[in-house]
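> Pasting a predicted model and its sequence here:
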Amino acid sequence: MNTPRKLTYGLVALCLVALVAACAGNTGYTANLNIGPNFPKGTLYVTNSTQNGISMYSANEATGKGPVNQIGGSNTQLNGPQYLAFDGSNNLWITNYNASTQSGNVVELQALATGNVLPIGVIRGASDGVVRPRGIAIDATNKQVVIANVNPTAGSPFESQLLVFGTGDASQGILVPGQIIAGPNTGMNVPSGVAVNGYTAYVTNLQGASVEAFVVPSPTPTPVTTATPAPTPPPAPTPSGQTPSPSPTPSPTPTPENLAPALVLAGVLTGLTEPSGIALDASGNLYVSDEGSVSVPPSILVFPAGLTGAQNVAPTCKISGANTNLFAPTDVTVDASANVYVADTTASGAGVMYVFSGVSPTCGTANVAPSRTYTSPGVPIGLGLVP
């Protein structure tokens, strides 16, 4: 009987029960691997959550192989990496949450960065709302970064949130999201994976057995003031030998947008039980990794593009069954050739990535063996392809 890894509210770092002890010590990073640069289009990047690294696999790498290179080291500030995304400049963004230290952040690494590199931007801390970040997606055209976040801190009005930043915010030291989508109208319940298509953000609800879509409001431009400002009084003299301290710029937290979703995909026909990762193909089809339950096997579910409103519909394709080797898939992505990539762990806790080739998004049911399997030195959570 399958006993999938549960990605629960209380442990958003999300390791197999058998690996909780390992997760508690995931403050180091992977050693004994070649540290190298980002690679060309088609390279698979995978978060290594228990060893604080990003593992990289060459395009069309032979089955059975491990990572060819890794980004890792204390300089990177990776700490329980969860999901990742590339922006329009191919900079790499990674969400982090370490359950043992209760710390979360979002790290931006420069394109073509090497190994133990300093980030070009970091967003962290309860003051900016980034507490337990999970999924992340970036719309390069609109320059928006959408992050699934759980914020249980005192004073937070809503725990389940989507945070919206600009792609320049982290590197410019802007630590407060431009927008927050949260509130009872959203229906979110521990959001996990995120995918975006223009201003539409698709999010999986780990504890809500659903997929929702929200139309992210476009940012409101800052009004330009044309009035002549009042003269600024001269600053008070600084005592000899002291350096004046700059005045902090206030960054008020925006009022959450309590939006109703444009799509709620839920119900027995969908097969959704514990959806985690989500991706869109070029046609807008939705690919969802579902970890399953005691009675429902894990699967990759595909739903057609253009769904709106309340939908209790069967997937057009379901990759599931003993031949697939799926155990607790946490993320999924798809390339232009319809190859489906999945981050998973085995029953023994070993990290693996599967590639399913030649599976149509309208396959019906595909109980097929993966065409390739890659091994991971730690527990993989999120993955993505170099665009």
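Ah, there it is.

> Residues contacting stretch 294-304, please?
For stretch 294-304, the surrounding residues in contact (Cβ atoms under 8 Å, 6 or more residues apart in numbering) are 1-4, 211, 265, 270-273, 275, 285-292, 313, 315-321, 324, 326-329, 332, 340, 342, 356, 361-363. (C-beta placed from N, C-alpha, C; glycine too.)

> Pull out the buried positions in it.
Across stretch 294-304, burial judged by 16 or more other Cβ atoms under 10 Å covers 296-304.

> pLDDT check: weakest of these?
Here the lowest pLDDT out of the buried residues of stretch 294-304 sits on Val296, with 93.

> State the distance from it to Gly208.
15 Å (Cβ to Cβ, to the nearest Å).

> Check Tyr374 too.
With distances taken as Cβ to Cβ, Tyr374 is found 31 Å from Gly208.

> And these two? Which one has more around it.
Neighbour count, other Cβ atoms under 10 Å: between Tyr374 and Gly208, Tyr374 has more, with 26 against 21.

> Centroid-nearest residue for this protein?
By Cα atoms, centre = their mean, the chain has its centre lying nearest to Gly135, at 2.3 Å.

> ok so, going back, filter the contacts of stretch 294-304 down to the ones in strands?
Of the contacts of stretch 294-304, the ones assigned to strands by DSSP state E are 211, 265, 275, 286-290, 317-320, 332, 340, 342, 356.

> and which of the residues you listed is nearest Met188?
Met188 has its nearest neighbour among those in Val211, at 11.0 Å by Cβ to Cβ.

> Tell me the helices and strands packed up against the strand or helix carrying Val122.
Assessed by DSSP states H and E, Val122 sits inside strand 121-124. Helices and strands touching strand 121-124, as assessed by 3 or more Cβ pairs under 8 Å, 6 or more residues apart in numbering; DSSP states H and E, comprise strand 103-109.

> now do 10 Å
Strand 121-124 is packed against strand 92-98, strand 103-109, strand 160-166, with contacts defined by 3 or more Cβ pairs under 10 Å, 6 or more residues apart in numbering; DSSP states H and E.

> tell me the angle the second one makes with strand 92-98.
Here strand 103-109 points in a direction 160 degrees away from that of strand 92-98 (axes from the mean of the first three to the mean of the last three Cα atoms, to 10 degrees).

> Pull out the buried residues from stretch 57-73.
Buried-residue list, stretch 57-73, by 16+ other Cβ under 10 Å: 57-58, 61, 67, 69-73.

> same check, this time on stretch 262-276
Neighbour-count burial for stretch 262-276 [16+ other Cβ under 10 Å]: 263-266, 270-276.

> Tell me the helix or strand right after the helix or strand of the chain with the lowest mean pLDDT.
Sorting the helices and strands of the chain by mean pLDDT, DSSP states H and E puts helix 20-24 at the bottom, at a mean of 35. The first helix or strand that comes after helix 20-24 along the chain, using DSSP H and E, is strand 44-48.

> Also compute the angle for that next one relative to strand 92-98, please.
Strand 44-48 runs at 20 degrees relative to strand 92-98, counting by the same axes, to 10 degrees.

> quick one, which of the helices and strands packed on strand 121-124 is packed in tightest?
Comparing these by mean neighbour count (mean count of other Cβ atoms under 10 Å), strand 92-98 ranks first with a mean of 26.

> Run the chain-centre distance for that one.
Distance of strand 92-98 from the chain centroid (Cα atoms, centre = their mean, to the nearest Å) equals 8 Å.

> C-alpha coordinates for that strand, CSV please?
Taking Å, rounded to 0.1, in the frame of the first residue of the first chain, the C-alpha atoms of strand 92-98 are listed here in CSV:
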residue,chain,number,x,y,z
LEU,A,92,17.4,32.0,-10.6
TRP,A,93,14.9,32.5,-7.7
ILE,A,94,14.6,29.9,-4.9
THR,A,95,12.2,29.8,-2.0
ASN,A,96,13.6,28.4,1.2
TYR,A,97,12.0,27.1,4.4
ASN,A,98,13.8,25.2,7.2
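
> Could you report the pLDDT at Lys41?
Lys41 is given a pLDDT of 85.

> no no, Gly155
Reading off the confidence values, Gly155 has pLDDT 60.

> Point out where this protein drops to low pLDDT.
The chain contains residues with pLDDT under 70 at 1-38, 126-128, 154-157, 219-252.

> Report how many residues lie close to the nearest residue to Asn142 once chain neighbours are set aside.
Nearest residue to Asn142, sequence neighbours excluded (Cβ to Cβ, 6 or more residues apart in numbering): Tyr199, at 6.3 Å. Residues contacting Tyr199 under the criterion other Cβ under 10 Å number 15.

> Check which element follows the helix or strand harbouring Arg134 along the chain.
Arg134 is located in strand 132-139, with elements delineated by DSSP H and E. Scanning forward in sequence from strand 132-139 by DSSP H and E, the next helix or strand is strand 144-150.

> quick one, that next one and strand 132-139 angle?
160 degrees.

> could you say what helices and strands strand 144-150 packs with?
Helices and strands touching strand 144-150, by 3+ Cβ pairs under 10 Å, 6+ apart, are strand 81-86, strand 92-98, strand 103-109, strand 132-139, strand 160-166, strand 179-181, strand 191-197, strand 200-205.

> could the ones you listed go into a markdown table alongside distance to Val368?
Compiled in a markdown table, the helices and strands packed on strand 144-150 are given as follows (distance: least, Cβ to Cβ, whole Å):
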| stretch | distance to Val368 |
| --- | --- |
| strand 81-86 | 26 |
| strand 92-98 | 31 |
| strand 103-109 | 35 |
| strand 132-139 | 26 |
| strand 160-166 | 34 |
| strand 179-181 | 37 |
| strand 191-197 | 23 |
| strand 200-205 | 23 |
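
> Show the buried residues in the contacts of stretch 294-304.
2, 4, 211, 265, 270-273, 275, 285-292, 315-321, 324, 326-329, 332, 340, 342, 356, 361, 363.

> Direction included, what does the strand holding Arg134 pair against?
strand 144-150 (antiparallel) (DSSP bridges).

> so which of the buried residues of stretch 262-276 comes closest to Gln144?
Lowest distance from Gln144 to these (Cβ to Cβ) belongs to Leu263, with 18.6 Å.
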